[in-house]
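1. my questions concern the predicted model and sequence given below.
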Amino acid sequence: MDWVQGIVEYIPANAALLRELTGNHLVQSILPIVFGVLIAVPLAQIARLNQPAGAVMLTASSLLYTIPSLAMFVFLPLVLGTSILSMVNVVVALTIYAVALLMRSTVDALNSIDDGVRQAAVAMGYTPLRRFLTVDLPLSVPVLIAGVRVISVTNISMVSVGALIGVPSLGRLFTDGLTRNYPEQIAVGILVTLLLALVLDLLLVLLERGLTPWTRATPARTARAAALEARTVAA
Amino acid sequence: MTSLEQSSGPLPMIRFNGITKTYDGGRPAVDDLSMDIDRGRITVFVGPSGCGKTTSLRMINRMVEPTSGTILLDGQDVALQKAAELRRSMGYVMQSSGLMPHRSVIDNIATVPRLNGVPRAEARARATELLDVVGLASELGRRYPGQLSGGQQQRVGVARALAADPPVLLMDEPFSAVDPVVRAELQEELLRLQRDLAKTIVFVTHDIDEATILGDKVAVFAVGGRLAQFAAPEEILRAPVDDFVAGFVGRDRGFRHLSFQQGDHVTVHPIETIEVDQLADPTVSVRSAWTLLVDADGRPHGWVPQATRGSIATQADAVPGGSLYTRGDTLRRALDAALSSPSGLGVAVDDDGRAIGVVRAAEVFELIERARLDRGRADHNTAV
């Protein structure tokens, strides 16, 4: 079991490098998720409100996703005027992918809301913006987070591609490990990447639980509810 | 404002003025509707599916915009008011309760006050009071709507509509998704609430029974959005204006109409009674063909036929009685008590449920006939 020992020894010996690369990796994975949500949610609402434009937007967003990531990383510095080694390129590229993926799932999320609830909100006198922010959006969280979880895993794995053109991330452990023929380093890269994906996914699950307490409330017929109801009827 | 000057009497709360609604140039969903909705009363829109009753209701708070015509709310054209603010000035209760699943019951009730900028604590305190008003335990306030039964959700829906104390309540088939027992309870609750609150209520239903129970006035809509008849429920049952209304109010309308005739003049005859503890005592004899079995408080518990007097020893052996007629109740109740009783004698009780005598079907019929003749004479007189 030499390679296991190799891995175990590699980690403390390269702790500083690992910390730095993990930090870079996280920034490049998480920022696009945040930007992606912030951009995709309003776009999805526009797409829902304007059907013809919505169809065009959804098709266009699907097409964006077909651009290869490496091409995007190389092409973006030309457009943005950033250095080829800048993390901004990766963040922008992954934000574009995130928007492309989230558009459709956000439209689905917003469409998943019971029409009766929406009608009720209109009848209560919500203004459209307030209704969107305080009724539609909170209720679409479960479907929305399902989409975000896909993005988060995808991002964690795609950030590594940036290492091919020299943007620092855990991907450097792969490029570096390959040139130096250092399989332990590659294995550690895979392990840390996996760990990041798992932790991020767990955080998203916890976030969803925190945002949707009503979905876990026990439905109607607990003994307590029955007792309360009995009292209601008696009264 | 000129249109108002034409009206006689108090200003109607809501006035439909030549309202037509057409979707995409098709046949009108609502066709030239003009009507006045009385302040502080329950007006019921009733009719088959596709008659435009819900569309008409939703035009009041501008959830649907009319193709032509105006709606005046307290004299003001609703089209000139901001839609969101207009809606907050009216309570709205819908069929599926439409509660926000992600908000606690209390926060659901507090919705409109919060939209109006009432501080959270104040809005919640008022919401808690309203739970009591609609007959729910305050503990339920912390629950989510998904944790309540259908009937409880409808009560919360009513509480939410009342939260900002609006003068107008719009109710769109609010009780049609609950079972008949709960529906009857909710109807009674609504009438009880209305006695205290005196809101202007517009209530949509497809159930003519519900319409006649709740409505001070009933508007019967026909397919194609035509207002076929708009009158007191008693009049709609007694004198449907055309075949459509007659067909819609149904075959039992003659019997249902009795609900609107007070039975104050029904003669209550004395009846021989026997107490439960006297059953086993052979020395207590009965003379009538049917003797009413009562408990120590005088409440009826069935009948003892003379032929079986010897074999009936306990309350369980007695012949079960029919429905009870509380003195002063409607002729419908009086007649039903007589018709449902095994002895043919309807048991009359006082407000405490103690037997005070019996009523006879034949005499109830006589009263019905006399009322009909009186009415005919009155109609004739006014016609002359």
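-> Structure's in. What do you need? Only a predicted model underlies this, so the values are computations on that prediction, with no experimental measurement involved.
2. contacts and neighbour counts: CA atoms only from here.
-> Will do.
3. low-scoring pLDDT stretches of the chain, where are they?
-> I'll assume chain A. Within chain A, the segments meeting pLDDT under 70 span A:1, A:218-235.
4. my bad, chain B
-> Scanning chain B for pLDDT under 70 picks out B:1-9, B:97, B:251, B:378-384.
5. right, and residue A:93 touches residue A:69 too?
-> Yes: shown here, residue A:93 and residue A:69 form a contact pair, counting by C-alpha atoms under 8 Å, at 7.3 Å.
6. please identify which of these two sits among more neighbours.
-> Just comparing residue A:93 and residue A:69: by other C-alpha atoms under 10 Å in any protein chain shown the higher neighbour count belongs to residue A:93, 22 against 18.
7. what's the spacing between that one and residue A:72?
-> When distance is defined by C-alpha to C-alpha, to the nearest Å, residue A:93 is 6 Å away from residue A:72.
8. so residue B:152 sits against residue B:134, correct?
-> No: assessed by C-alpha under 8 Å, residue B:152 is found out of contact with residue B:134, at 9.2 Å.
9. what residues are up against the nearest residue to residue B:144 once chain neighbours are set aside?
-> Closest residue in space to residue B:144, ignoring its immediate chain neighbours: residue B:104 at 4.5 Å, by C-alpha to C-alpha, 6 or more residues apart in numbering or on different chains. Counting by C-alpha atoms under 8 Å, 6 or more residues apart in numbering or on different chains, residue B:104 makes contact with B:141, B:142, B:143, B:144, B:145.
10. quick one: classify residue A:133 as helix, strand or coil.
-> helix (DSSP: H, G, I helix; E, B strand; the rest coil).
11. what sits up against stretch B:363-377?
-> Taking C-alpha under 8 Å, 6+ apart as the criterion, the residues outside stretch B:363-377 that touch it are B:265, B:266, B:267, B:331, B:334, B:335.
12. just the C-alpha atoms of it, please, in CSV.
-> Output for stretch B:363-377, consisting of C-alpha atoms alone and laid out as CSV, is shown next (Å, rounded to 0.1, in the frame of the first residue of the first chain):
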residue,chain,number,x,y,z
GLU,B,363,-102.4,21.7,9.7
VAL,B,364,-99.0,22.7,8.4
PHE,B,365,-100.5,22.3,4.9
GLU,B,366,-103.4,24.5,5.8
LEU,B,367,-101.0,27.2,6.9
ILE,B,368,-99.1,26.9,3.6
GLU,B,369,-102.3,27.2,1.6
ARG,B,370,-103.5,30.2,3.6
ALA,B,371,-100.1,31.9,3.2
ARG,B,372,-100.4,31.3,-0.6
LEU,B,373,-103.8,32.8,-0.8
ASP,B,374,-102.8,35.8,1.3
ARG,B,375,-99.8,36.4,-1.0
GLY,B,376,-102.1,36.0,-4.1
ARG,B,377,-104.4,38.7,-2.7
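13. run a quick neighbour tally on the nearest residue to residue B:40 once chain neighbours are set aside.
-> Counting by C-alpha to C-alpha, 6+ apart, residue B:200 is the residue found nearest to residue B:40 once chain neighbours are left out, at 4.2 Å. Here the neighbour count serves as a burial measure; for residue B:200 (other C-alpha under 10 Å) it reads 23.
14. again with residue B:373
-> Once other C-alpha under 10 Å is used to define contacts, residue B:373 is seen to have 12 neighbours.
15. surely it is within a strand?
-> No: applying three-state DSSP, one finds residue B:373 to be helix, outside a strand.
16. beta partners for the nearest residue to residue B:60 once chain neighbours are set aside?
-> Leaving aside its chain neighbours, residue B:60 sits nearest to residue B:71 (6.7 Å; criterion: C-alpha to C-alpha, 6+ apart). In this structure, residue B:71 has beta-bridge partners residue B:16, where bridges are defined by DSSP bridges.
17. roughly how far does residue B:71 sit from residue A:110?
-> Going from residue B:71 to residue A:110 by C-alpha to C-alpha gives 33 Å.
18. wait, what's in contact with residue B:164?
-> B:88, B:89, B:91, B:112, B:113.
19. doesn't residue B:162 make contact with the last one?
-> No: because the distance of 10.1 Å does not satisfy C-alpha under 8 Å, residue B:113 is recorded as not touching residue B:162.
20. of the two, which one has the most company?
-> residue B:162 (26 against 21).
21. quick one, what contacts the closest residue to the more buried one other than its chain neighbours?
-> With C-alpha to C-alpha, 6+ apart as the measure, residue B:91 is the residue that lies nearest to residue B:162, at 6.0 Å, once sequence neighbours are left out. Residue B:91 makes contacts with A:124, B:160, B:161, B:162, B:164, B:166, B:168, B:169, B:170, as judged by C-alpha under 8 Å, 6+ apart.
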